[in-house]
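Visitor: give me a 3D structure for the following:
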Amino acid sequence: MLDYVAGLPAFLGYFAIGLAAYGVFAVIYTWLTPQQEVQLIRAGNLAAVTAFLGALVGFSLPLASAAANSVSVVDYVIWAVIGTLAQILAFYIANFTMKDLHEKITAGEIAAGIWGGGIALVVGILNAACMTY
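Guide: Next comes the predicted model:
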C-alpha cells in the first residue's frame, strides 16, 4: 500500500517549490511591467487580465516541463529562473512590437491584452519545448 504514495514527498516538494516560483514570478513580473496589473484586474480591466494570465500560463508551461525533466530540486529552480527571464523577455518583445502596449492595456484595450498575453504564451511554449532534454 505504501508503494502507491512513495513519490508523495517528492511531489509535495516540487509542488511547493512550483507555487513559490509562481509567487516570485508574479512579484517580479508586476514590479517590472509599467502597468499596475493587480489594481487593473481588481478594477475589471479585461486587457490586464488577458495579458497577465498569458504571462502566468507562459511561465507555467516551462515550469511544468522543468518539473517533469529536472534531475534535482536545484535543477528545477534554475529552470524556473530561466522561465522567469524568458517571460520578461516576452513582455519586452510584445512591448517592442506594439507601440504603447502598457498604456493600451491600462486603457483597457482588449487587443493589446491579447497581444501581450499571446506573445507570453508563444514564448512559454517555445521555452517549454526547449527544456525537454
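Visitor: could I get the buried residue list for the one helix or strand residue 122 maps to?
Guide: Secondary structure from DSSP states H and E places residue 122 in helix 110-130. Residues of helix 110-130 classed as buried under the neighbour-count rule (16 or more other Cβ atoms under 10 Å) are 112-121, 123-124, 127-128. Where C-beta positions appear, they are placed from N, C-alpha and C, glycine not excepted.
Visitor: export those residues to a markdown table and tack on pLDDT?
Guide: Below are those laid out as a markdown table (pLDDT from 0 to 100):
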| residue | pLDDT |
| --- | --- |
| 112 | 97 |
| 113 | 96 |
| 114 | 97 |
| 115 | 97 |
| 116 | 96 |
| 117 | 96 |
| 118 | 97 |
| 119 | 97 |
| 120 | 97 |
| 121 | 97 |
| 123 | 96 |
| 124 | 95 |
| 127 | 94 |
| 128 | 93 |
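Visitor: quick check, nearest of those residues to residue 59?
Guide: Looking at the buried residues of helix 110-130 and their distance to residue 59, the nearest is residue 124, at 6.3 Å (Cβ to Cβ).
Visitor: got a list of what that closest one touches?
Guide: Residue 124 makes contact with 57-62, 83, 86-87, 90, according to Cβ atoms under 8 Å, 6 or more residues apart in numbering.
Visitor: before we move on, back to that, including distance to residue 27, could the buried residues of helix 110-130 go into CSV?
Guide: Output for these, formatted as CSV (distance: Cβ to Cβ, whole Å):
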residue, distance to residue 27
112, 23
113, 20
114, 24
115, 23
116, 18
117, 19
118, 23
119, 21
120, 16
121, 21
123, 20
124, 18
127, 20
128, 22
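Visitor: out of those, who's nearest residue 76?
Guide: The closest of these, once distances to residue 76 are taken by Cβ to Cβ, is residue 128, at 13.6 Å.
Visitor: output stretch 106-124 as CSV, nothing but the C-alphas.
Guide: Only the C-alpha atoms of stretch 106-124 are listed here, as CSV (Å, rounded to 0.1, in the frame of the first residue of the first chain):
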residue,chain,number,x,y,z
THR,A,106,-4.1,50.3,-18.8
ALA,A,107,-6.7,51.9,-21.1
GLY,A,108,-8.5,48.5,-21.3
GLU,A,109,-7.8,47.8,-25.0
ILE,A,110,-8.5,44.1,-25.3
ALA,A,111,-6.4,43.7,-28.5
ALA,A,112,-3.3,44.9,-26.5
GLY,A,113,-4.0,42.5,-23.7
ILE,A,114,-4.4,39.6,-26.2
TRP,A,115,-1.3,40.6,-28.0
GLY,A,116,0.8,40.8,-24.7
GLY,A,117,-0.7,37.6,-23.4
GLY,A,118,-0.3,35.8,-26.7
ILE,A,119,3.3,36.7,-27.1
ALA,A,120,3.9,35.5,-23.5
LEU,A,121,2.2,32.2,-24.3
VAL,A,122,4.1,31.7,-27.6
VAL,A,123,7.4,32.3,-25.8
GLY,A,124,6.4,30.0,-23.0
